[in-house]
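Peer 1: starting from these lines, generate the structure:
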Amino acid sequence: MILKRLMRNEHILKTFFETTPDILVIMDENGRILDCNHHFTKNFGYEKIEALGKIGPVDMVSPKDRQKALSAFGKVVTDGINLNVQLEVMRKDGSVFSSLWSGTKLSDELGNMEGYLVTGKDLSDIHRLEDELRKEKDQKLLIIGDMTARIAHDIRNPLNVIINSAKLLELQLDANPNTNMSKHVTAILKSSERMRHQIEDVMDYVSNRPLNMSECSVTDLILSSIETVLIPNNILVNFAKEDDVKIMCDKNQLSAVCGNLLLNSIQAIGENQGTITVDWKVDAGHIVIDFIDSGPGISEKILPQIFEPFFTTKQVGTGLGLVSCEKIVERHNGTIHTRNNPTTFTVVLPVI
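Peer 2: Next up, the predicted model:
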């Protein structure tokens, strides 16, 4: 009876060993393969007789991951277990695939070590599915982006008419002052400008306009960006006027970046008296442009998040402005970052 039960248990274990969907390998303390199941031979392309005796962490692993595999197996030997180690492993024909491995010590009833059971999962199908889902998501985003760009474009044209009309009214009121009417015109201009910048944020984020590169001076770039932003009377903008530097850039797109950074500084200062300083210097073949404002600064807690899509601390805003800035700067082979004390946004671009 006992013999029959043992034989039945052994049969069950053997059946499980061969039919489980995981790769199963039994190794000795040196990593030498003592036994392996069907899924091992299927995935690696070896007949079982060929695999037996090979050193798993060496012969079955791609060269770049062999040291990692040896360390992982060493942990199984010393600690008795090691879980979820990702490795690039190598088939008999030399091709590689991504896999996930765990190992544990095998002991008999008396605690004597009999070997090590190592289990693996082929991640190829998972990665393939992830790629397919990513492509499908990218396609949907392209459709959404195209639709968003069309809507934003359709809104931008009449909005520009509103802004230009309000500016004409403002000029007329300068000649014939009317305090109440001036307040309304100012409110129209502020709200319209805010809407325009939000639309520009969306347009910059969803579009991938080719760069129209040309030679441009930094002074011209800054001046053109200042012209796109409504500077309140309570804020003074200072910028360098000497030692001009030439760069190759898409002036319109980089001007939008500078305008966005200026607008951020204006919003940070708010209704208080304040200053924005735009300064630059050449360092190791790059132009370093600093946008420095006298605002209260950015919380250190959220500082690492400000370049994430849709992240914003403002009651109004898309959370796309800084992301779009980063995207445009990177396409110019540059970088953008920020720091506090004082609040400074720094754009680094290659010079000619």
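Peer 1: roughly how far apart are the closest residue to Ser214 other than its chain neighbours and Leu236?
Peer 2: Using CB to CB, 6 or more residues apart in numbering and skipping the chain neighbours, the partner closest in space to Ser214 is Lys251 (6.6 Å). (Glycine included, C-beta is placed from N, CA and C.) In this view, Lys251 and Leu236 are 25 Å apart by CB to CB, to the nearest Å.
Peer 1: between these two, who's got more neighbours?
Peer 2: Lys251 (18 against 12; other CB atoms under 10 Å).
Peer 1: can you give me the pLDDT of that one?
Peer 2: pLDDT, Lys251: 89.
Peer 1: now do Asp283
Peer 2: Per the predicted model, pLDDT is 84 at Asp283.
Peer 1: run through the bridge partners of it.
Peer 2: Judged by DSSP bridges, the bridge partners of Asp283 are His286.
Peer 1: any idea how far Thr346 is from it?
Peer 2: Asp283 is 11 Å from Thr346, by CB to CB.
Peer 1: looking at those two, which is more packed in?
Peer 2: Using other CB under 10 Å as the criterion, Asp283 and Thr346 rank with Thr346 on top: 16 against 10.
Peer 1: isn't that one up against His337?
Peer 2: Yes - with contact defined as CB atoms under 8 Å, Thr346 and His337 form a contacting pair (5.6 Å).
Peer 1: looks to me like Asp243 is in a strand.
Peer 2: No - looking at Asp243 with DSSP: H, G, I helix; E, B strand; the rest coil, it is coil, so not inside a strand.
Peer 1: helices and strands around the lengthiest helix in the chain, which ones?
Peer 2: Once the chain is assigned using DSSP state H, the helix that runs over the most residues is helix 124-175. Judged by 3 or more CB pairs under 8 Å, 6 or more residues apart in numbering; DSSP states H and E, helix 124-175 is in contact with strand 96-107, helix 179-206.
Peer 1: could you dump those to a markdown table with distance to Arg32 and mean neighbour count?
Peer 2: A markdown table is the format used below for the helices and strands packed on helix 124-175 (distance: least, CB to CB, whole Å; neighbours: other CB atoms under 10 Å):
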| stretch | distance to Arg32 | mean neighbour count |
| --- | --- | --- |
| strand 96-107 | 14 | 17 |
| helix 179-206 | 56 | 16 |
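Peer 1: select from the ones you listed the stretch with the lowest mean pLDDT.
Peer 2: With a mean of 74, helix 179-206 has the lowest mean pLDDT of the helices and strands packed on helix 124-175.
Peer 1: nearest spatial neighbour of the residue positioned nearest the centre of the chain, skipping sequence neighbours?
Peer 2: Nearest to the mean C-alpha position of the chain, by CA atoms, centre = their mean, lies Glu308 at 7.7 Å. Once flanking residues are discounted, Glu308 sits nearest to Val323: 7.2 Å by CB to CB, 6+ apart.
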